[in-house]
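A.B. asks: test case, fold it:
(chains A and B)
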Number of protein chains: 2
Amino acid sequence: MLIVQKFGGSSVATLERIRNVAQRVLATQRTGQDVVVVVSAMAGETNRLIGLSNQLASEGDVTLTSKGPYVASERAGDRAHERELDQLVSTGENVSAALLAMAIQNAGGRSISLVGHQIGLQTDATYTNARILGFSHGRIRQELSAGNVVVCAGFQGLNAAGNITTLGRGGSDTSAVALAAALKADVCEILTDVDGVYTTDPRIEPRARKIHRITYEEMLELASLGAKVLQIRSVEFAMKFGVPVHVRSSLNESEGTWIVSEQKSLESAVVTGVALDRNEAKVTLTNVPDVPGTIASIFGVLAGADIIVDMIIQNASRGGSTDVTFTVPENDLKKAVAGLRSLDLPGAGPMEILSDPDICKISIVGVGMRTHAGVASKAFEILGRENINIQMVSTSEIKVSVIVHERYGELALRALHAGFGLHEGPASSAA
Amino acid sequence: MLIVQKFGGSSVATLERIRNVAQRVLATQRTGQDVVVVVSAMAGETNRLIGLSNQLASEGDVTLTSKGPYVASERAGDRAHERELDQLVSTGENVSAALLAMAIQNAGGRSISLVGHQIGLQTDATYTNARILGFSHGRIRQELSAGNVVVCAGFQGLNAAGNITTLGRGGSDTSAVALAAALKADVCEILTDVDGVYTTDPRIEPRARKIHRITYEEMLELASLGAKVLQIRSVEFAMKFGVPVHVRSSLNESEGTWIVSEQKSLESAVVTGVALDRNEAKVTLTNVPDVPGTIASIFGVLAGADIIVDMIIQNASRGGSTDVTFTVPENDLKKAVAGLRSLDLPGAGPMEILSDPDICKISIVGVGMRTHAGVASKAFEILGRENINIQMVSTSEIKVSVIVHERYGELALRALHAGFGLHEGPASSAA
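C.D. replies: Numbering: from 1, shown residues only, chains lettered A, B, ... in the order given. Reported below is the predicted structural model:
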């Protein structure tokens, strides 16, 4: 039996917590399993290092961004700079890995920490957001055979030229899943400060229930729930290689949420979870000339500005022009409108651009939808009963998303959560 | 032309200083030289990391030692622990290397930082105090060819198993000299916060003069002067490979002190410098049985306790017993006396142990002594004129050392400095 356990920055934020992690890891080893641990940097350390880099460039005060791609945008694409940024920030994980290995030794265990060039994680050369290409596990196998708990610095790999790369924010989750895949681990545990993935955000709906099993596909669709728990990219990786992922609390021994393939998913509920995404804005273009290439020009402008468009609705043409409505991340709304204003479309009269940031998206997700008709209509019925107006709808095989006015978002979420029976089922020990 | 420039922890202690170093390095490059930079960790960082390790072990308060071998002595010899300590502390140099490379880029230059596995410095497996075995300079050459200032993290190497090793306190000097030797650099510059090596400690003798050229051998004998400026082990390395070392200030452009082979030493002074070492204590054993093996037992006890004995005097035997006087580092005096008390010597009456911490050693050094007789007698004459009693004497080819009472140490030093004409000669710009 081989287990990969990943501990995030908050789990190794202090020496006291590192000692606790050491105890937990040793307890796992005592059950007879080989243990590979992946650690993030101590909470705050990555931001501290990025702060040093930013201050170095600015010679002034710098505001740190705590999320998003970690490279300061004004230097994005400067490869020499990004290469150094990766050399710099990867030290955060190296420190926590060495400290955890020491803590395990102090507690009487055998342990060794491995960093970038020792781990064997090969990536492409995209600094600050590298993709994993391969893995040579000779060293990890050897250290496991020697009876060690192998502590790997997360978040980092090595490109073909021997340079350190990092896997993007939250990349330690991806490291962990990649190692688990390559080592054919029985499970990849993501130990975090929440105890699993819930049917919806418990801060909005206190009756949210911890999900015991969820498929990779569902987890990807529920990104806005899962993003607080684990990096979505790691789920793609787990799906690709069929790695069972177990998200659980680092603070207790409770079972958390298993993320598995559909074959292994035993819960039969049609709907698995409901997610609310407030970071959406709606743009409506009226009087758009209905000639070939117009739509391509519009979305070409947005793509060129790195704006991800989510839902799109195009109304039927009326007299040579049409309306187009779509949603973009609320943060990108200004940039989107500015881009569209600069657009010089051929033919017809002036296009009107209407934007509305006061919307939100609610998504109902479940693999059961594939075989159960009527989920969308049931959702509309539930929202209709609450007099909530649906502005846009999109559906996929396992998801129904609706756009409603922001003020109805929480109400809609609670109504759907109740309406699809998510309050029921076995109560979670932590719920 | 290829130059290796080493900047210590105080030169990279702040982002402002790192920017200054970047400017200096670029100025050097603009003179047409290829530049390899070796950096230490930002001042205080190594101690911070060791502090984390110590606190992790102790679960209590820990006093940091700021000098001496950096591994906490209670864990010395615990290889697994020392291996992790090296993984941990080497991150300090990685951070400053990446930041300096960024600063050079920010200033418009081309630069890349290299760490342990990228530098190519191969060491043995003695964690925390590794010896350099070899060097593969493919990567550095390649980056120089690409027009980069190559910034190497100092202090660290890689052993045959791919583990990170460190070279002991001040090891960045040794890194720099080793790289200079392997790359056949024209010079290895040690840039520090003093502007060179002086004929004696300027805090004791304000008329101390900056030495322009000194031989490796002299520098080694003047360790107590040089230790504040550069790691003595790096001088041994420089001597072994004939690397010209230039110790100079990182704060100005003045010429500092060149440490070179005897052939290249042009200064003709018989005496090059005078050093005072207060960290000495004297032990006298009386009534020592004068039988074979006794002396071996005595110094065997001290060697077994890792105590380095400096001078030794044995008086002529009188009636089957003899007196032995020697010096040890003052810090080891208690341990030495305790060890000697436990000694069970065969034959004769009880041996008496007298110890005296109130002494100091003054050393006069100069390669010119090899060809100039009478340096020792001139020294005795100078000290005699000041009525300073000489307790012990030892001489080597290029050194005369005397032990005097601690209270006469500074007086003796000034008298010898003046008596051997060290006040004279070209005045240093900084003197």
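
A.B. asks: would you map the helices across chain A?
C.D. replies: Counting by DSSP state H, chain A has these helices, from start to end: A:15-30, A:45-58, A:79-106, A:116-119, A:138-145, A:171-182, A:216-221, A:223-226, A:232-241, A:294-304, A:333-341, A:375-385, A:409-419.

A.B. asks: by mean pLDDT, show me the worst of those.
C.D. replies: If the helices of chain A are sorted by mean pLDDT, helix A:223-226 sits at the bottom with a mean of 69.

A.B. asks: out of the helices of chain A, deepest packed?
C.D. replies: Neighbour counts averaged per stretch over these are highest for helix A:171-182, at a mean of 28; criterion: mean count of other Cβ atoms under 10 Å in any protein chain shown. To be clear about C-beta, it is placed using only N, CA and C from the backbone, and glycine gets the same treatment.

A.B. asks: restrict it to CA atoms and write it as CSV.
C.D. replies: Provided in CSV are the C-alpha atoms of helix A:171-182 (Å, rounded to 0.1, in the frame of the first residue of the first chain):
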residue,chain,number,x,y,z
GLY,A,171,0.3,23.6,-7.7
SER,A,172,1.2,21.4,-4.7
ASP,A,173,-2.2,19.6,-5.2
THR,A,174,-1.1,18.9,-8.7
SER,A,175,2.3,17.7,-7.6
ALA,A,176,0.6,15.4,-5.2
VAL,A,177,-1.8,13.9,-7.7
ALA,A,178,1.0,13.6,-10.3
LEU,A,179,3.2,11.7,-7.9
ALA,A,180,0.3,9.5,-6.9
ALA,A,181,-0.3,8.8,-10.5
ALA,A,182,3.3,8.0,-11.3
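
A.B. asks: and it, how far from the chain's centre?
C.D. replies: On the basis of Cα atoms, centre = their mean, to the nearest Å, helix A:171-182 sits 14 Å off its chain's mean C-alpha point.

A.B. asks: list the helices and strands it packs on?
C.D. replies: Using 3 or more Cβ pairs under 8 Å, 6 or more residues apart in numbering or on different chains; DSSP states H and E, the elements in contact with helix A:171-182 are strand A:2-7, strand A:34-39, strand A:121-123, strand A:132-135, strand A:156-158, strand A:187-192, helix A:232-241.

A.B. asks: hey, which of those is tucked in deepest?
C.D. replies: strand A:34-39 (a mean of 28).

A.B. asks: near chain B at all, that one?
C.D. replies: No. No part of strand A:34-39 sits near chain B under the criterion Cβ under 8 Å from any Cβ of the partner chain; the closest distance found is 12.5 Å.

A.B. asks: okay, now the domains of chain A?
C.D. replies: Per the record's domain assignment (automatic domain parsing), chain A is made up of the domains A:2-192, A:274-419.

A.B. asks: just the terminal-to-terminal distance for the first one.
C.D. replies: The separation between the terminal residues of domain A:2-192, taken as Cα to Cα, to the nearest Å, is 20 Å.

A.B. asks: before we move on, what about the shortest one?
C.D. replies: The first and last residues of domain A:274-419 sit 11 Å apart, counting by Cα to Cα.

A.B. asks: run the chain-centre distance for that domain.
C.D. replies: Taking mean C-alpha positions (Cα atoms, centre = their mean), domain A:274-419 and its chain are 22 Å apart.

A.B. asks: likewise stretch A:38-58?
C.D. replies: Averaging C-alpha positions (Cα atoms, centre = their mean) puts stretch A:38-58 20 Å from its chain's average.
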